[in-house]
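This is a predicted model, with the sequence first.
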Amino acid sequence: MTDPWKIIFFGTPAFALPTLKGLLEGPDRVVAVVTQPDRPQGMGLMVVPTPVKKLAVQHDLTVLQPERVKEETFLGYIRTLQPDLFVVVAYGQILPKALLALPKHGAVNVHASLLPKHRGAAPIPWAILNGDKVTGVTTMMMDEGMDTGDILLQTKIPIGERETAESLHDRMALSGALLLRETVEGMKQGAVPRTPQNPALATYAPSFKKEDGTIDWKKDAREIDRQVRALNPWPGAFTGWDGRFLKIFKGEAREETPRGEAGTVVWVGADFVEVETGKGSFLIQEVQLAGGRRMGVRDFLSGHPILVGTTFS
């Protein structure tokens with residue numbers, strides 16, 4: 001039985017919460033939590049703490065929020081903690097060599113893809129956007145690169161046909177917590193192999209911008225369906241309608257004989273609006289008008305009629 005390790009946890013969004021909770025329930029000691037600074041959010045630009053900070057405060061943990069992890073005052077404080085291990089989950093900054101050298105057993109990252117595929121900040125939506133059938137979670141030893149370190153353990157996760165980034169995110173976050181626990185236990189026993197990544201197989205998953213949600217109706221309906229699911233909930237897939245933006249949260253691709261120009265409404269049912277695409281058609285089923293609430297098409301049409309022949313821009 002080894003002595004408990006002193007762990008410093010680096011993480012920011014909700015994806016990191018199951019892993020932090022798992023560490024708090026385990027035998028090791030979380031001596032500090034490092035997360036991004038509080039930022040203004042929403043329409044009112046209220047300054048909001050990160051999800052990881054909220055959880056850390058609930059457990060009376062030491063919380064550190066450096067603007068840059070290269071700051072000497074931050075590095076100096078981390079040295080005084082004499083950590084055995086860093087655990088990093090969607091933190092949001094690349095850790096420099098000087099910081100990575102501090103923990104006795106290195107730094108382990110939990111990444112939401114089967115590395116070296118989908119390196120970067122947004123692996124979950126990119127897996128759906130690319131039409132992957134399987135994704136997974138990887139634990140790796142961190143180096144100075146972006147998701148380039150040696151692979152420790154991996155677990156595969158199937159992607160459902162109607163999977164959204166939101167639903168896949170939740171399943172992968174839980175899997176990541178379990179894989180991290182298995183990884184740390186294996187490291188203590190010296191039983192975890194280190195496998196270098198093959199850079200020739202690397203693909204990248206950069207962050208999305210709001211404009212990436214714009215729907216091009218000239219694309220294949222299946223591509224549009226993947227875009228709607230991949231960008232749910234953020235930034236959301238959207239189209240122009242009646243001089244406003246209409247977000248589309250749910251729909252379904254159909255292989256249909258062309259009946260009009262791409263972007264044209266060809267049928268309006270009780271629960272869907274069918275739009276012609278570059279190949280096939282897309283059934284819009286759940287929407288949100290700018291400034292309004294998210295709702296099914298049946299409720300939306302009761303207050304916002306859409307006629308056959310309408311063109312989405």
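Cool, the structure landed. Numbering: from 1, shown residues only.

What are the buried residues along stretch 261-277?
Buried residues in stretch 261-277, counted by 16 or more other C-beta atoms under 10 Å: 262-266, 268, 272-277. Any C-beta I mention is one placed from the backbone N, CA and C, and that applies to glycine too.

Could you do stretch 146-157 as well?
Applying 16+ other C-beta under 10 Å to stretch 146-157 flags 147-149, 151-154, 157 as buried.

and if you look at stretch 69-82?
69, 74-75, 78, 81.

Please put the alpha-carbon coordinates of it into PDB.
What follows is stretch 69-82, C-alpha atoms only, in PDB (Å, rounded to 0.1, in the frame of the first residue of the first chain):
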ATOM      1  CA  VAL A  69       0.900  29.600 -15.600                       C
ATOM      2  CA  LYS A  70       4.300  30.900 -16.600                       C
ATOM      3  CA  GLU A  71       4.100  33.600 -13.800                       C
ATOM      4  CA  GLU A  72       7.100  33.100 -11.400                       C
ATOM      5  CA  THR A  73       4.900  33.800  -8.400                       C
ATOM      6  CA  PHE A  74       2.600  30.900  -9.400                       C
ATOM      7  CA  LEU A  75       5.500  28.600 -10.200                       C
ATOM      8  CA  GLY A  76       7.100  29.400  -6.800                       C
ATOM      9  CA  TYR A  77       3.900  28.600  -4.900                       C
ATOM     10  CA  ILE A  78       3.500  25.300  -6.700                       C
ATOM     11  CA  ARG A  79       7.100  24.300  -5.700                       C
ATOM     12  CA  THR A  80       6.200  24.800  -2.100                       C
ATOM     13  CA  LEU A  81       3.400  22.300  -2.300                       C
ATOM     14  CA  GLN A  82       5.800  19.500  -3.500                       C
END
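
Now do that stretch: distance to the chain's middle.
Averaging C-alpha positions (C-alpha atoms, centre = their mean, to the nearest Å) puts stretch 69-82 28 Å from its chain's average.

before we move on, the earlier item: can you tell me which of the buried residues of stretch 261-277 is closest to residue 203?
Ranked by distance to residue 203 (C-beta to C-beta), those are led by residue 277 at 26.0 Å.

how close does the closest one sit to residue 265?
Per C-beta to C-beta, to the nearest Å, residue 277 is found 12 Å from residue 265.

same thing with residue 209?
Residue 209 is 28 Å from residue 265, by C-beta to C-beta.

Repeat that for residue 229.
To residue 265, residue 229 is 21 Å away according to C-beta to C-beta.

now do residue 28
For residue 28 relative to residue 265 (C-beta to C-beta), the value is 57 Å.

now swap in residue 32 and tell me
55 Å.

what about the helices in the protein?
17-25, 51-58, 72-81, 97-100, 123-129, 165-189, 221-230, 297-303 (DSSP state H).

Please name whichever of the ones you listed is nearest to residue 215.
helix 221-230 (5.9 Å).

I'd like the average pLDDT over the closest one.
The average pLDDT for helix 221-230 rounds to 98.

same check, this time on stretch 78-91
98.

Residues contacting that stretch, please?
With contact meaning C-beta atoms under 8 Å, 6 or more residues apart in numbering, stretch 78-91 is reached by 5-13, 15-16, 19-20, 23, 28, 31-32, 34-36, 95, 99-100, 102-110, 112, 142, 176, 180, 184, 187.

which among those end up buried?
5-13, 15-16, 19-20, 23, 28, 31-32, 34-36, 95, 99-100, 102-103, 106-110, 112, 142, 176, 180, 184, 187.

could the buried residues of stretch 261-277 go into a markdown table alongside pLDDT and distance to residue 286?
Output for the buried residues of stretch 261-277, formatted as a markdown table (pLDDT from 0 to 100; distance: C-beta to C-beta, whole Å):
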| residue | pLDDT | distance to residue 286 |
| --- | --- | --- |
| 262 | 97 | 21 |
| 263 | 97 | 19 |
| 264 | 97 | 20 |
| 265 | 97 | 16 |
| 266 | 96 | 19 |
| 268 | 97 | 15 |
| 272 | 97 | 10 |
| 273 | 98 | 11 |
| 274 | 97 | 14 |
| 275 | 97 | 14 |
| 276 | 97 | 19 |
| 277 | 97 | 18 |
